[in-house]
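A.B. asks: Just the structure for this:
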Amino acid sequence: MTLENNFINHSKEYIFLDNETLSNQRDKTFNKIFKKNYDKKNNESLKHISISDLSNFDYFYKPKNEDSKVTIIDKYNYEIRVVNGICKNYEDDNIKIRNLTNLDFKSFLNQDNNNLDDIIIDFNKIFLNSGIFFNIKSNSKLNIRLIHNTSDNFTIFQNNFINFKKKCEVQLEEYFNLTHNSINNINYNTNIEEGALINHNIFQNFSNSNKLYLTSNTVCEKNSSYNQNTYNFSDGFVRNFHNANLNGEFANASLKGCFFLKDKNICTIKTNIIHNAEHCVSDQSYKGILNDHAKANFYSNTFVSDNAQKTEGYQLSKGILLSDNCSFFSKPELRIFADDVKCSHGSTIGPVDESALYYLRSRGINKNEAMKMIISSFIEEDLINLDNNIAEQIIYNLSIYLNSLEND
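C.D. replies: Okay, here's the model as predicted:
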C-alpha cells in the first residue's frame, strides 16, 4: 500500500488524533515526505534506505492488551513483556509503567527535537500507534528484562518515554523477538536524573523478514552515567541511531556496540553525543564482522560546546571483512568549541590479520578454527565488564554466527 493510502485509510488509529496541534504537525510532516521536501543527498537517515522501501508497506495494527505482562521475579528483578507495542499498566515502590494515551500530548510535543531532519522519526510521527511511559523511582536498584514481541505482519510505530529518577541504579536488558514480516519503528526519549547509574544492553536477533528502526535520545544530568551496549546478530535489517546530551557536570555517556552481518544483510548505525557541561566523558565505539555481500555504515559525532571545558570524548570503529564483496564505511566527526579538552577518534577496517592466521595454522589449528579464535578475541575485551549471564548470551550467539561461516 502506498504512503498516501496508508495515511488516509488508517488515520483513525493514530494516537493524538483529536489534538489539533499534533494533527497539523502530522499533516505537515506527511506533505514533507510526500512532496520530497527534504535533503536527499546528504541525509544520513536515508543511507542504505530508499523512500520507496519506507513508503510502500502493508499497515496492520490490531494489538490485544491481555497478551502483555509484568513478572516480579523478586524485589529487585523484573521482566516486562511488551506485545505488539502494548504493555501492562503496573506500579509499585520501584517502578511505574503505562501505555501512552491521548492525554500525553504535551510530553509528545516537548520531546527532544534533535531528530527533526531524520526521515525515520518523521514516519514515526505520522504513523504513531503506540507508546509507553517507564518511570524508575529514586534510589531504586533494579535489574529489568524488557522483551519486545511482535507478531506476524504487524507494523509498530512506537514512541517511548523513560525517566530514571535521582540516584537509581538500573541494569536494563532489552530483547527484540520479532517473528515474521514485521516493521518496528521505535523511538526512545530517555531522561537520566542526577546521580543515576544506568547500564542498558540491547540484543537484536531476528530473521531477515523483519525490519527494526531503533532511535534513542538520552539526556544525562549531573553526576549521571549511561552505558549502552548494542549487539546485533540479526539477519533482518537494523538501523540503530543513538543520541545523548550531557547536560550536567560530571555526566558520562557510552554508546557502544557489536554487529555480525552475513549474506546481503545491511545495517546503519549513528551515534551522536553533545557535551553541554564541564567535566563530562563520552565514548562511542562500534565493532563489526562482515561476510558475503553484507554492508554497514557507522557515523559517530561528538559536539563540544564552548562552555564544556575539561571534556573527554572518544570515538572508535573496528571492522573485520571476511570477503571481498562486503563493505564497512566509517565516518567519525568531532566539532569542538572548547579549548581544554581530550578528544580522539580512530578507525581500523580490513581483512583478518594474515600473520595471526598463519601463526595459528602453523601450530596445527585448521583454518576454520583459527578464524573463530581470531574473531572471538576481536570482541573479547567488550565482554570483560559485562554480567556473566549477558556475556554468555553473546558468546552463544557468536558461536552460531561463526558456525554459519564454516558452513558457507
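A.B. asks: remind me which residues of the stretch 251-400 of the chain are low pLDDT?
C.D. replies: Along the stretch 251-400 of the chain, the parts satisfying pLDDT under 70 run over 385.
A.B. asks: Now do the same contact list for L17.
C.D. replies: 11, 23, 102 (Cβ atoms under 8 Å, 6 or more residues apart in numbering). Placement of C-beta: from N, CA and C, glycine included.
A.B. asks: Ramachandran coordinates for it?
C.D. replies: phi -60, psi -30 (degrees, to the nearest 10).
A.B. asks: Equivalent analysis for the one 4 residues further on, please.
C.D. replies: Main-chain torsions, T21, degrees, to the nearest 10: phi -60, psi -50.
A.B. asks: mind checking pLDDT for it?
C.D. replies: For T21, the model assigns a pLDDT of 89.
A.B. asks: how about the strands in the stretch 151-300 of the chain?
C.D. replies: Secondary structure of the stretch 151-300 of the chain (DSSP state E, counting those that start in this stretch): strands located at 155-164, 169-178, 183-192, 197-204, 211-220, 225-232, 237-246, 252-261, 266-275, 281-290, 295-304.
A.B. asks: Return the list of strands paired to the third one, each annotated with direction.
C.D. replies: Partner strands and pairing direction for strand 183-192 (DSSP bridges) are strand 155-164 (parallel), strand 211-220 (parallel).
A.B. asks: Need the residues that contact the first one.
C.D. replies: Residues lying outside strand 155-164 but in contact with it, judged by Cβ under 8 Å, 6+ apart, are 57-61, 84-85, 100, 107-108, 111, 123-124, 127-136, 150, 170, 182-193, 196, 198, 224.
A.B. asks: So which of those are in helices?
C.D. replies: Counting by DSSP state H, these place 107-108, 123-124 in helices.
A.B. asks: any idea which of the residues you listed has the most stuff around it?
C.D. replies: N124 (23 neighbours; other Cβ atoms under 10 Å).
A.B. asks: residues touching that one, list them.
C.D. replies: Here N124 is in contact with 157-159, 185-187, 213, 215 (criterion: Cβ under 8 Å, 6+ apart).
A.B. asks: hang on, E392 in a strand?
C.D. replies: No: the assignment for E392, made by DSSP: H, G, I helix; E, B strand; the rest coil, is helix rather than a strand.
A.B. asks: Measure how buried it is and give me the count.
C.D. replies: A count of nearby residues for E392, using other Cβ under 10 Å, gives 12.
A.B. asks: now the contacts of N124 as CSV including distance to S327, neighbour count and pLDDT?
C.D. replies: Output for these, formatted as CSV (distance: Cβ to Cβ, whole Å; neighbours: other Cβ atoms under 10 Å; pLDDT from 0 to 100):
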residue, distance to S327, neighbour count, pLDDT
F157, 30, 25, 95
Q158, 31, 22, 96
N159, 33, 25, 94
N185, 25, 24, 97
I186, 27, 23, 97
N187, 28, 25, 96
Y213, 21, 26, 96
T215, 24, 23, 96
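A.B. asks: Show me which of those is closest to F7.
C.D. replies: Nearest to F7 out of those is F157 (Cβ to Cβ; 11.9 Å).
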